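In: Kindly return the folded structure for what I paste below:
(2 chains)
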Protein chains: 2
Amino acid sequence: MGIRFYNARILTMQDNMEIIEGELWTEKERISYIGPKRKEIQQGFEREIDLKGNLILPGFKDAHTHSAMTFLRSYADDLPLWDWLSKQVFPMEAKLRGEDIYSFSKLAILEYLSSGITACFDMYFHPEEMARLAVDTGFRTVLVPGLNDFNFSLEEMRDCYQKYNAFHTLVSYQLGFHAEYTTSKALMEGLAKISEEFKAPVFTHNSETKGEVAGCLERYGMTPTALMDALGMLNYGGGGYHCVYLSDEDMDIFKKRGMTVVSNPGSNMKLASGVPRTAELLKRGIPMAIGTDGAASNNCLDMFREMFLVTGLAKLREEDASVVSAEEVLKMACVNGAHCMGLKDADCLSEGKLADLCVLDLHQPNMQPVNSIVKNIVYSGSKQNVELTMVNGKILYEKGKFFIGEDPEEIYVKANRRMQELKG
Amino acid sequence: MGIRFYNARILTMQDNMEIIEGELWTEKERISYIGPKRKEIQQGFEREIDLKGNLILPGFKDAHTHSAMTFLRSYADDLPLWDWLSKQVFPMEAKLRGEDIYSFSKLAILEYLSSGITACFDMYFHPEEMARLAVDTGFRTVLVPGLNDFNFSLEEMRDCYQKYNAFHTLVSYQLGFHAEYTTSKALMEGLAKISEEFKAPVFTHNSETKGEVAGCLERYGMTPTALMDALGMLNYGGGGYHCVYLSDEDMDIFKKRGMTVVSNPGSNMKLASGVPRTAELLKRGIPMAIGTDGAASNNCLDMFREMFLVTGLAKLREEDASVVSAEEVLKMACVNGAHCMGLKDADCLSEGKLADLCVLDLHQPNMQPVNSIVKNIVYSGSKQNVELTMVNGKILYEKGKFFIGEDPEEIYVKANRRMQELKG
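Out: Alright, predicted model coming up:
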């Protein structure tokens, strides 16, 4: 038998933001019961945890990140996107070995867990490293390649798609490429064919900066979204990371193709890229999810900061404090992220769904008084409130301690030592 | 004897951002030693704390807040400033009794401490309650009145100024008023006289919204800053809270009068008020400090979120990722806040200064690797990193536990119970 959480508040996020009081049980990797306290408790739980009124909710999904980029945290700051990429990021990334990606991504997984994040949509190189890491740590990972003219190939992507979608229950793989401005037309056309072959969605960085859109218009006479659609890459949907500068016509394509906008407000802010049209996207019924982006740009992997920024920046942009409610934001962070990443069984809490969840400590000053739990989470919540994070039925983080198979101190020491070598 | 912190990194913030490795000792309410490990350790410390390489820095100063407004957290959201004030805030505030202000502010103090904040600049009514609370909890508090046409009087302010500046080492009092748009000219003129009498600075909400500035221009043909100067209120300096819409001429006055801009980016964002001209203010050498504003608008009292927003919003506003460095922001949060609040002895860490400090846990994933500790704090830091908060030589918060004389659970229960009554 699995774990019994009792004296819990449970925000299932099935259809609404109703909070039920009672119990949640797990059995192996799934949820076996959610409901009121049962008079006759089933015996033989591995653990029974008294939550003392604390809140269980679906884990956050980090729907766009580059986990390994933790090594560049606070290393390359205060530069615009292109300079940052070409002068600081690319030269350092060129030095990375596969094993570096494993260990720097492990650092990211610690941070995800401390923020209640139970799955990430990871765009990076060396998928074999991240896949192995997901299995070693128990962390759910959806891989997407950063295919471009300098890295990776269509053949490799095709192989990876088949390999990693049959690799392990914690791992899956989606098609994608880095961005229009780093990828040739021939490569994008090849990707469209693979999308057609697998009937699979495609994901990429899309319209992150004004310059990116202007460059694409110059090269193709079309926006990145229109180009992808024209090349036949969007026939099975997919999503765009960032999407700061979508035109009305781009939004029509997103809507028509059932695509998700994955917003990364912290990164867009720190790189001075801009603020997306979140209120308009929601009005049009385009699904939105939230990503942290990598630690090199953000610089932290904190879903609470991102949630506040999604609504706060939209309020500023529209000069209207009423746009983008806390409920909508929380749904993006938990449910929509899962849908976008193809994690159909990890979106909300119900019997039979995967036990990917987090527990928030409401017995902290920033969660009091309890006028609205959902608003408290989005407007006032913090990583400090994360009491426990469970992925696939296993507790990987609890009260500041990590259970991923390696001592965090060792992970820190390795990351610092290797970063020193890379700088040298 | 006081407390010995050893194996510490210490960011004194005296002149630069240099970090020294060694020890910090306290004796009563002051710092008695900062420097390398001493061979012959003085005996008789009350406690000796091994910081294991964690960081001591000056406590954050919350340079603008309304502590008691915790009761409205997640109660009145998603409204523009004036509707929010007139429809939600004022009617609820009208029901408050003095004892409510004491207990709701106590909740705020828990939150300050959990965020490494060691002093607040608190604008509210019933100063006797907040003064008593500061003494009861050990939390350093600078009181400033929210004088306006409906609340408080010049005579009361005059009395309070004398009374609370001689009340207790943890309490002081500055002159101020709510805002031009809630205060008659006669009252502002009266305040100018008191400022002259005590040769004291004046603080107020200033140019928070476009509407506020437009209204003042209509009423007086001058901006709020120009009006205050014309009325003789700024002869001894002071500061403005928010200052989102300062004109170049306003900035000239701030510069000439040695005034501080206290930025409140989280509140300005959530109320859709706007983004201040932070880069321009810094360029002109105008000192800036940071406040959380009250929990009714922000909704949390978290200096880490505010620090990131100060620089992030400036980067977005200027479309330039290089403006407003992490170093400048950290100086605002620690040093400038103290200067603005008149806390000359709590600005940085050195022998003889007040032991108002916090300890940040660097052994957490968001603080690794250690490419830059200062950037890590501002760009990636979180309340989760606050290991300990000390005010006036006393540890009031340590590893999630509070030492302010009352069990937090009781504070939460009281706050919820009273909020239910107020809603009813």
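In: Tell me where the stretch 301-424 of chain A has strands.
Out: Assigned by DSSP state E, counting those that start in this stretch, the stretch 301-424 of chain A shows strands spanning A:357-360, A:386-391, A:394-398, A:401-402.
In: Residues contacting the shortest one, please?
Out: I take that to be strand A:401-402. The contact list for strand A:401-402 (Cβ atoms under 8 Å, 6 or more residues apart in numbering or on different chains) reads A:110, A:113-114, A:396, A:408. In this view, the C-beta of every residue, glycine as well, is placed from N, C-alpha and C.
In: next one: stretch A:331-342
Out: In contact with stretch A:331-342 (Cβ under 8 Å, 6+ apart) are residues A:13, A:57-63, A:119, A:121, A:142, A:172, A:174, A:201, A:239, A:260, A:262-263, A:287-291, A:303, A:306-307, A:310, A:343-344, A:346-348.
In: can you list the contacts of strand A:401-402 in CSV and add pLDDT?
Out: Compiled in CSV, the contacts of strand A:401-402 are given as follows (pLDDT from 0 to 100):
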residue, pLDDT
A:L110, 98
A:L113, 98
A:S114, 98
A:L396, 98
A:P408, 98
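In: Tabulate those (JSON lines), appending distance to chain B.
Out: What follows is the contacts of strand A:401-402, written out as JSON lines (distance: Cβ to the nearest Cβ, whole Å):
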{"residue": "A:L110", "distance to chain B": "4"}
{"residue": "A:L113", "distance to chain B": "8"}
{"residue": "A:S114", "distance to chain B": "6"}
{"residue": "A:L396", "distance to chain B": "13"}
{"residue": "A:P408", "distance to chain B": "7"}
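In: circling back to that earlier point, quick one, which of the strands of the stretch 301-424 of chain A is nearest to B:C160?
Out: Distance to B:C160, taken as Cβ to Cβ, is lowest for strand A:357-360 among those, at 40.2 Å.
In: right, is stretch A:93-109 up against chain B?
Out: Yes: Stretch A:93-109 reaches chain B (Cβ under 8 Å from any Cβ of the partner chain) through A:107-108.
In: so what's A:V386 up against?
Out: A:V386 touches A:114-116, A:358-361, A:397, counting by Cβ under 8 Å, 6+ apart.
In: Which strand residues bridge it?
Out: On the basis of DSSP bridges, A:V386 is bridged to A:L360.
In: okay, which residue is most central for chain A?
Out: The residue lying closest to the centre of chain A (Cα atoms, centre = their mean) is A:D62, at 1.4 Å.
In: Now for the contacts of strand A:401-402: which two are most distant?
Out: A:L396 and A:P408 (11.9 Å).
In: how about the strands of the stretch 301-424 of chain A, which one is nearest B:M130?
Out: Comparing the strands of the stretch 301-424 of chain A under Cβ to Cβ, the one sitting nearest is strand A:357-360, at 29.8 Å.
In: List of residues touching the closest one?
Out: By Cβ under 8 Å, 6+ apart, strand A:357-360 touches A:5, A:8, A:24, A:51, A:54-60, A:116, A:118, A:349, A:367, A:377, A:381, A:385-390.
In: again, but for stretch A:205-215
Out: So stretch A:205-215 is contacted by A:81-82, A:178-181, A:223-225, A:228, A:240-246, A:250, A:268, A:273-274 (Cβ under 8 Å, 6+ apart).
In: Can you measure across that stretch, start residue to end residue?
Out: Stretch A:205-215 has its terminal residues 14 Å apart, counting by Cα to Cα, to the nearest Å.
In: Could you check that stretch and say which residues are buried?
Out: A:205-209, A:212-213 (16 or more other Cβ atoms under 10 Å in any protein chain shown).
In: Reformat these as a markdown table; add pLDDT and secondary structure.
Out: Output for the buried residues of stretch A:205-215, formatted as a markdown table (pLDDT from 0 to 100; DSSP: H, G, I helix; E, B strand; the rest coil):
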| residue | pLDDT | secondary structure |
| --- | --- | --- |
| A:H205 | 98 | strand |
| A:N206 | 98 | strand |
| A:S207 | 98 | coil |
| A:E208 | 97 | coil |
| A:T209 | 96 | coil |
| A:E212 | 97 | helix |
| A:V213 | 98 | helix |
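In: what are the pairing partners of the host helix or strand of A:A119, and which direction each?
Out: Element membership for A:A119 (DSSP states H and E) is strand A:117-124. Here strand A:117-124 has these sheet partners by DSSP bridges: strand A:60-65 (parallel), strand A:140-145 (parallel).
In: list the contacts for A:L187?
Out: A:147-149, A:154, A:177.
In: Over to A:N235?
Out: A:195-196, A:257.
In: now do A:V324
Out: So A:V324 contacts A:278-279, A:282, A:310-311, A:314-315 (Cβ under 8 Å, 6+ apart).
In: So, low pLDDT: which residues of the stretch 101-250 of chain A?
Out: Along the stretch 101-250 of chain A, the model assigns pLDDT under 70 to no residue.
In: Near chain B, which residues of it? Just list them.
Out: Going by Cβ under 8 Å from any Cβ, the residues of the stretch 101-250 of chain A near chain B are A:107-108, A:110-111, A:114.
In: neighbour-wise, which of those leads?
Out: A:A108 (29 neighbours; other Cβ atoms under 10 Å in any protein chain shown).
In: Quick check: buried residues in stretch A:67-85?
Out: A:67-81, A:84-85.
In: what does stretch A:168-183 give?
Out: With the criterion 16+ other Cβ under 10 Å, stretch A:168-183 contains buried residues A:170-183.
In: Turn those into CSV, including distance to A:S322 and secondary structure.
Out: Below are the buried residues of stretch A:168-183 laid out as CSV (distance: Cβ to Cβ, whole Å; DSSP: H, G, I helix; E, B strand; the rest coil):
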residue, distance to A:S322, secondary structure
A:L170, 40, coil
A:V171, 41, strand
A:S172, 38, strand
A:Y173, 40, strand
A:Q174, 35, coil
A:L175, 38, strand
A:G176, 35, strand
A:F177, 38, strand
A:H178, 37, strand
A:A179, 34, strand
A:E180, 35, helix
A:Y181, 36, helix
A:T182, 39, helix
A:T183, 40, coil
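In: Between which two of the residues you listed is the distance greatest?
Out: Longest span within the buried residues of stretch A:168-183, Cβ to Cβ: A:L170 and A:Y181, 32.5 Å.
In: how's chain A carved up into domains?
Out: What automatic domain parsing lists as the domains of chain A is A:3-58+A:346-402, A:60-344.
In: Can you tell me which of those domains is packed in deepest?
Out: domain A:60-344 (a mean of 22; mean count of other Cβ atoms under 10 Å in any protein chain shown).
In: How far does it stretch from one end to the other?
Out: So domain A:60-344: terminal residues 14 Å apart, Cα to Cα.
In: Centre of the chain to it, how far?
Out: In terms of Cα atoms, centre = their mean, to the nearest Å, the centre of domain A:60-344 is set 8 Å apart from its chain centre.
In: how far away is A:A179 from chain B?
Out: From A:A179 across to chain B, the span is 18 Å (Cβ to the nearest Cβ, to the nearest Å).
In: Name all residues that make contact with that residue.
Out: A:148, A:204-206, A:208, A:212, A:224.
In: Can you tell me which of those residues is nearest B:I101?
Out: Nearest to B:I101 among the contacts of A:A179, with distances taken as Cβ to Cβ, is A:E208, at 46.9 Å.
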